[in-house]
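J.: what's the 3D shape of this:
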Amino acid sequence: MLPRTRFEAEVLPHLNAGYNLARWLARDVHDADDVVQEACVRALRYIDSLRPGSARSWFLTIVRHAYYDWCKANRPAELVHDAQDLLETMADPMATVDAEPSALPKADACTLAEAVNSLSLPLREALVLRELEELSYKEIAHIQGVPIGTVMSRLARARASLQGRSRQIKICRESASGRV
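T.: Residues are numbered from 1 along each chain as shown. Presented below is the predicted three-dimensional model:
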């Protein structure tokens, strides 16, 4: 099979997932477009390294790497800031409260998007891959290049942060309506 034909057959079906990941990582649709375009160029260039049955996680790994390369060139301070946020979150003993998916707050879409966007990059990335792209912990670990335990920890921290943010929003709404 020709590289372009294989790319179209195996990678293009996962283009939406790649764009979704890039959009959540970059937090900007135009930047996500650039990242996904670069990821597609790379995927086409390295299509021979794609193993059968692994196109989705393979392509998402390329999108992730394309994003980090783009971020180094365009937003290097963000990488430093997110690393500091992650270290602070790891130092917080309340950050590992609940690792169940039910820990996600029941909030409106805008509020939830804001809360997800406020997460540090590694936490946001793990959460998007698990909850939106429905990847397994093993697939996320492979994509992020970390042990499964780290994925579990990141998801627990992300969910705890969202849960805490949901409580804060609820309290703000109650005080605004005079119910506190």
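J.: hey, let's count contacts and neighbours off CA atoms from now on
T.: OK.
J.: where in the chain is pLDDT low?
T.: Counting by pLDDT under 70, the ranges of the chain that qualify are 76-109, 168-180.
J.: Can you pull the domain assignment for it?
T.: 1-74, 76-180 (automatic domain parsing).
J.: Please render those domains as CSV that adds mean neighbour count to the earlier fields.
T.: Shown next, in CSV, are the domains of the chain (neighbours: other Cα atoms under 10 Å):
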stretch, mean neighbour count
domain 1-74, 18
domain 76-180, 17
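J.: what helices or strands is the one helix or strand residue 61 maps to leaning on?
T.: According to DSSP states H and E, residue 61 maps onto helix 55-74. When contacts are defined as 3 or more Cα pairs under 8 Å, 6 or more residues apart in numbering; DSSP states H and E, helix 55-74 packs onto helix 15-26, helix 29-45, helix 76-91, helix 137-144.
J.: Residues touching it, excluding its own?
T.: 10-11, 14, 17-18, 21-22, 25-26, 35-36, 38-39, 42-43, 50, 78-79, 139, 143-144 (Cα atoms under 8 Å, 6 or more residues apart in numbering).
J.: Over to stretch 36-53?
T.: So stretch 36-53 is in contact with 3-4, 6-7, 11, 18-19, 22, 58-59, 62-63, 66, going by Cα under 8 Å, 6+ apart.
J.: distance between the ends of it?
T.: Taking Cα to Cα, to the nearest Å, stretch 36-53 runs 21 Å from one end to the other.
J.: Now do it: distance to the chain's middle.
T.: 20 Å (Cα atoms, centre = their mean, to the nearest Å).
J.: tell me the contacts of residue 19?
T.: 32, 33, 36.
J.: Looking at the residues you listed, which is nearest residue 111?
T.: residue 32 (21.0 Å; Cα to Cα).
J.: do you know how far the closest one is from residue 26?
T.: 6 Å.
J.: and if you look at residue 9?
T.: 27 Å.
J.: swap in residue 2?
T.: Per Cα to Cα, residue 2 is found 32 Å from residue 26.
J.: ditto for residue 57
T.: In this view, residue 57 and residue 26 are 19 Å apart by Cα to Cα.
J.: go on, residue 143?
T.: 17 Å.
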